[in-house]
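> build me a structure from this.
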Amino acid sequence: MARTCSVCMREDREEVERALLKGEPLRPMARRTGLSRAALQRHKLHIALALAPSPKAAELLHRSKLTAMVEDLIREVHRLKRKAERARDIRAAIKGLDTALKGIEVLAKLTGELDTRAQHNSLHVHLDAERALAIAETYAARHRVQPGTAHRSPTMPTGG
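Residues are numbered from 1 along each chain as shown. Okay, here's the model as predicted:
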């Protein structure tokens, strides 16, 4: 007879699953939740099997592993930075800050908290001919452009 999953029966199941998907280490999670490491490992496999057919789930699982790796690296950078500060090695401490910042940026991109895509803002205005002519006349008056002549920038050569 199949065994009932102890994690599936818990009220805080979603919280435990989120921690597993983030790649949180099992030992501290086991202490915090009162579950055994074996139960958490079995449930991790249980989740993977349930999510496996979905490409999106596979991407999320991969992203959670990457996120956990980056978080581990950031913790290590902070440890080394503290060590450099204790040794009064200012250059190494500043380098540690720079590296931590880069790690946080990578983490923000992985979790979707930082969107680096270029944004394009545009404004489309539809004017009738009378209004367009009034705007053109105002522009010409402000920039001293004679009607019927091409506007030349003061920095542009006039040619010839």
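> going forward, measure contacts between C-alpha atoms and count neighbours the same way
Noted.
> skipping adjacent residues, who's closest to the most centrally placed residue in the chain in space?
Among the residues of the chain, the one closest to the centroid is residue 109, at 2.3 Å (C-alpha atoms, centre = their mean). Distances taken as C-alpha to C-alpha, 6 or more residues apart in numbering put residue 115 closest to residue 109, at 6.7 Å, once the chain neighbours are dropped.
> burial measure for the nearest residue to residue 106 once chain neighbours are set aside, as a count.
Counting by C-alpha to C-alpha, 6+ apart, the nearest residue to residue 106 once its immediate chain neighbours are dropped is residue 70, at 7.6 Å. By other C-alpha atoms under 10 Å, the residues close to residue 70 number 18.
> buried residues in stretch 37-45?
Within stretch 37-45, the residues scored as buried using 16 or more other C-alpha atoms under 10 Å are 37, 40, 43-44.
> tell me the one among these nearest to residue 132.
residue 44 (65.3 Å; C-alpha to C-alpha).
> distance check, the closest one against residue 10.
15 Å (C-alpha to C-alpha, to the nearest Å).
> also residue 34?
Distance from residue 34 to residue 10, by C-alpha to C-alpha: 11 Å.
> which residues does residue 37 contact?
Shown in contact with residue 37 (C-alpha atoms under 8 Å, 6 or more residues apart in numbering): 26-27, 30.
> 10 Å - rerun?
The contact partners of residue 37, taken as C-alpha atoms under 10 Å, 6 or more residues apart in numbering, are 25-31, 43.
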